[in-house]
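>>> Predicted model follows, preceded by the sequence.
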Amino acid sequence: MADALFYVMAVAAVLAALGVVLAKNPMQCVLSLLVSFFALAVIYLLAGFQFLAAAQILVYAGAIMVLFLFVIMLLNLGSPGTEDPTDVRMFSRANATLMVVVAAAILFVLALAIRRAGPMPVENSLPEGGLDPIPGLAGEMFGRYLLPFEAISVLLLATAVAVVVLAKRDRRANEESKA
């Protein structure tokens, strides 16, 4: 069952990644990236990396996605007047039909994999302490690599401030040209 779930999540991650690249609406790109992050977190859980899965959800799906949403809102990339309204509709009949066909194909492959595999023997191959010891990881992150960790946080803060400044400058230029 874990193998089938892995394949389903792998297909979901790849399809969501394609959605990030192929979608024309920036909000659809962000939502596709969010689905990809969640699928990767499930894959990490299946591999036995609980801390990495939690970090994937908290850091990438939480903080980075919020940053992307703020950038999109500040730059007004998703405003309705900038694109053709027919491109913004995510759930048109053609898209809904394609989603149903892809979902049916995934369910068919999943059912075939479960039927062929039969009952799987349960074996406990994980070590007693788990695969990702959090105290060792925390010691490295906040001990040996404290300076790079803090430098990245300052860099992200500077990037957010720069985006706000550039967005305000562009709005002022637009307001002055209209007047």
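Yep, it's here. Numbering: from 1, shown residues only.
>>> so who does the closest residue to residue 2 other than its chain neighbours touch?
Excluding the flanking residues, the one nearest residue 2 by Cβ to Cβ, 6 or more residues apart in numbering is residue 46, at 5.6 Å. To be clear about C-beta, it is placed using only N, CA and C from the backbone, and glycine gets the same treatment. Listed by Cβ atoms under 8 Å, 6 or more residues apart in numbering, the contact set of residue 46 reads 2, 5-6, 9.
>>> how near is residue 46 to residue 139?
Distance of residue 46 to residue 139, given as Cβ to Cβ, to the nearest Å: 27 Å.
>>> for the longest helix along the chain, packing partners?
Longest helix in the chain by number of residues, with DSSP state H as the criterion: helix 146-178. Identification of packing neighbours for helix 146-178 by 3 or more Cβ pairs under 8 Å, 6 or more residues apart in numbering; DSSP states H and E yields helix 65-75.
>>> hmm, who's touching the helix it packs on?
26-27, 30, 33-34, 37, 78, 156, 160, 163-164, 167, 170.
>>> Apply 7 Å and report the result again.
Helix 65-75 has contacts (Cβ atoms under 7 Å, 6 or more residues apart in numbering) with 26-27, 30, 33-34, 78, 160, 163-164, 167.
>>> filter those residues to the buried ones?
26-27, 30, 33-34, 78, 167 (16 or more other Cβ atoms under 10 Å).
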